[in-house]
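*Asks:* Whatever this is, show me its structure:
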Amino acid sequence: MSLLSNILGFSIFGLAARVGQLGLQKRNLLENPGGHLIAMGVFGYGGYWAYQWDQRAAVLIAEKRQQIKERREKAIAQADAAAAAALEEA
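*Replies:* Predicted coordinates:
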C-alpha cells in the first residue's frame, strides 16, 4: 500500500468519524468545516505513522530472518563437522 493511499484512507475515515460524531449529536454537519479539517489531519497523520511503522516492521522482520538463516547455516555446518569427525574416529 502506498503512502498516499494510506494517508488518504485514514483521512477519509477521520472525516467519516467527524460526520458520525456530529450526526450522533444531531448537529449541522456543515457547521464547522475547521473541525472536519482537524479530524482529517489527525487521522491522516495516523495513516502516515501506520505506514512508517509498517515499513520499519518489514525491515526488522527481514533482518531477523537473515539472522535466523545465518544461525541455522552455522548449526548445520557444526553438525556436519561433528559428524565428519565422528566418522574419522570410527
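
*Asks:* what about Ile76, distance to Glu88?
*Replies:* For Ile76, the distance to Glu88 equals 19 Å [CB to CB, to the nearest Å]. Just so you know, the C-beta spots here come from the backbone N, C-alpha and C atoms, and that holds for glycine as well.

*Asks:* ignore the last one, Arg27
*Replies:* 85 Å.

*Asks:* which one of those two has more residues nearby?
*Replies:* Arg27 (11 against 7; other CB atoms under 10 Å).

*Asks:* And what about that one, helix, strand or coil?
*Replies:* coil (DSSP: H, G, I helix; E, B strand; the rest coil).

*Asks:* Which pLDDT value belongs to it?
*Replies:* Each residue has a pLDDT score; the one for Arg27 is 92.

*Asks:* Now name the helix or strand holding Lys74.
*Replies:* Lys74 belongs to helix 33-89 when assigned by DSSP states H and E.

*Asks:* which other helices and strands contact that helix?
*Replies:* helix 3-24 (3 or more CB pairs under 8 Å, 6 or more residues apart in numbering; DSSP states H and E).
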